[in-house]
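I'd like to go over a predicted model; first the sequence, then the structure.
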Amino acid sequence: FPFPIALAGQVQRGFGRGGKDLGCPTANLPDKSITPISSVAKTGVYYGYAQVIPPEDNTDLRQEDIQVLPMVMSLGWNPFYKNKCLTAEIHVMHDFKTDFYGFEMRALVLGYIRPELDYTSREALIEDIEVDKRVALNCLERPGYQACAKNPHFSLGS
Ligand code: ADP
Ligand code: MG
């Protein structure tokens, strides 16, 4: 399978459907920026690295917020568009103190965790998200992946 898959786009406002309530805000990428993955990959949960690139006059994000950070990404059919559109939503495993709507996000998708599932309870969903995060962090521990954080797709600064 063609990993790593590089994605980049401006973070869009979603429908605020409880990402933050679930303890798991997800940054939405624009449709056109997800072609590299939607054209080759199945729906489900993926892991990899992501980086938020602030504008030059940024005063919101701190140094620690603009590093290359571990992420989990859900690729799925969007019910809002009658399941005709695929959407990619990225949860960065990092405690940002502020939102970053409109900022560029770059991501490198490195592997597949699991298919999309239907949840009957909120608790089951939250539990699975926690498992996904642990799986992602474990996978990224492997020495081969550390190098991916230094991929030239990211802005590696000074
Ligand atoms: P929306 O429906 O607008 O996507 P969410 O509740 O999913 O609402 O929140 C997503 C937004 O939260 C992101 O666009 C970003 O600006 C912000 N955010 C804060 N922390 C994170 C994080 N750790 N991962 C992803 N987005 C985050
Ligand atoms: Mg979201």
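It's in. Residues are numbered from 1 along each chain as shown. Ligands and ions are numbered 1, 2, ... in the order given.

how near is the residue nearest the centre of the chain to Glu56?
Centroid-nearest residue in the chain, with CA atoms, centre = their mean: Ile90, separated by 2.0 Å. Per CB to CB, to the nearest Å, Ile90 is found 23 Å from Glu56. For the C-beta atoms, the positions are set from N, CA and C on the backbone; glycine is no exception.

hang on, the earlier thing: any idea which helix or strand carries the residue nearest to the centre of the chain?
Applying DSSP states H and E as the criterion places Ile90 in strand 86-92.

okay, angle between the next helix or strand after that strand and strand 86-92 too, please.
Next helix or strand after strand 86-92 toward the C-terminus (DSSP H and E): strand 104-114. Orientation of strand 104-114 against strand 86-92 (axes from the mean of the first three to the mean of the last three CA atoms, to 10 degrees) gives an angle of 100 degrees.

how about strand 104-114, does it reach ligand 1?
No. Using CB under 6 Å from any ligand atom, strand 104-114 stays clear of ligand 1, coming no nearer than 8.5 Å.

helices or strands up against the helix ranked longest in the chain?
Longest helix in the chain by number of residues, with DSSP state H as the criterion: helix 122-141. Under the contact definition 3 or more CB pairs under 8 Å, 6 or more residues apart in numbering; DSSP states H and E, helix 122-141 sits against strand 44-53, strand 69-77, strand 104-114.

right, and the ones you listed - which one's nearest ligand 2?
Ligand 2 lies closest to strand 69-77 among the helices and strands packed on helix 122-141, at 9.2 Å (CB to the ion).

in the closest one, what's buried?
By 16 or more other CB atoms under 10 Å, the buried positions in strand 69-77 come out as 69-76.
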